[in-house]
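**Q** need a 3D model of the sequence below.
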Amino acid sequence: MARKKSSSNQYPCMVLCNGTSKRFGSNKMLADLVGKPLLMHTIENIMPYVSDLALNGELDAEYDVFNLPVFPDAITERLGKLGPLAGVLTAMEWAKELGYVRVLTLSGDAPFVPDDWAEKLSQTPDDIIAIPNVDGQNHQICGLWPVALASDLRLFLQAGESYRVKDFLAVHRMQIVAFHKQGVIDPFFNVNTREDMKVAEQILAARDGHMARGA
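**A** Residues are numbered from 1 along each chain as shown. This next block holds a predicted model:
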């Protein structure tokens with residue numbers, strides 16, 4: 001049964017899927033997690049809480065199964081990809097074209113983002129980058145970004161001095177939004193390795209067991 005859309009679904013979200021998955025050994029977004037791709041868990045988890053949804057990734061037919069628009073990085077370098085900031089730029093330019101003032105970004109390998117993620121981030125001022133934090137750890141890719149920063153971000157990447165998210169955040173206004181662990185699990189936990197995938201399976205099994213006991 002589909003979840004009811006939240007009244008706070010005022011912003012679009014681009015799910016970033018353009019990493020190399022080196023530590024995983026294959027495209028982790030398409031890897032099986034209890035019967036469906038890891039990326040599908042992420043999509044289904046956030047879909048009720050955003051206004052529009054798209055993927056940032058290679059224009060690969062394997063992504064057709066998700067039935068979402070796919071956008072490659074808006075900027076690259078001669079030797080390859082520029083990392084997640086290129087995905088953030090892609091999200092900003094996509095959302096700006098749609099007429100939004102802010103856009104959510106989320107790593108495609110983060111299937112357990114809390115239901116109030118978009119709502120809590122959206123309570124911050126429109127001209128500030130909002131970043132979730134759990135027990136002192138910032139989750140920089142899972143943020144809400146003003147699309148007005150697209151030009152600044154493109155220039156930042158073109159300068160080539162740094163491609164790190166934290167360096168871009170350091171020169172712009174940012175607000176940290178606190179979230180809590182779900183038991184012992186950071187809800188922004190992301191799958192980087194096959195061992196992480198086993199952890200994700202355990203989390204889902206525990207959740208299913210809890211739901212069954214509560215039925």
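**Q** tell me where this structure has helices.
**A** 38-46, 84-98, 117-122, 150-159, 165-169, 194-214 (DSSP state H).
**Q** buried stuff in the second one?
**A** Think helix 84-98. 84-96 (16 or more other Cβ atoms under 10 Å). Just so you know, the C-beta spots here come from the backbone N, C-alpha and C atoms, and that holds for glycine as well.
**Q** picking up where we left off before, how about the helices of the chain, which one is nearest G143?
**A** helix 117-122 (6.9 Å; Cβ to Cβ).
**Q** gap between that closest one and the chain center?
**A** The chain centroid and the centroid of helix 117-122 are separated by 13 Å, computed with Cα atoms, centre = their mean, to the nearest Å.
**Q** likewise for stretch 87-100?
**A** Distance of stretch 87-100 from the chain centroid (Cα atoms, centre = their mean) equals 14 Å.
**Q** contacts only, for M47.
**A** Going by Cβ atoms under 8 Å, 6 or more residues apart in numbering, M47 touches L53.
**Q** which pLDDT value goes with it?
**A** Looking at M47, its pLDDT reads 95.
**Q** what of A205?
**A** Per-residue pLDDT puts A205 at 85.
**Q** how many neighbours does it have?
**A** Neighbourhood size, A205 [other Cβ atoms under 10 Å]: 11.
**Q** measure it to G57 for me?
**A** 28 Å (Cβ to Cβ, to the nearest Å).
**Q** next: E77.
**A** Distance, E77 to G57, by Cβ to Cβ: 18 Å.
**Q** show me which of the two is the more surrounded one.
**A** More crowded of E77 and G57, by other Cβ under 10 Å: G57, with 26 against 13.
**Q** I'd assumed N18 was in contact with that one.
**A** Yes - contact criterion Cβ atoms under 8 Å: G57 and N18 qualify, at 4.9 Å.
**Q** which residues do the two both contact?
**A** Residues touching both G57 and N18 (Cβ under 8 Å, 6+ apart): P72.
**Q** how close does E62 get to P37?
**A** 9 Å.
**Q** now do stretch 54-61: distance to the chain's middle.
**A** With Cα atoms, centre = their mean, you get 14 Å for stretch 54-61.
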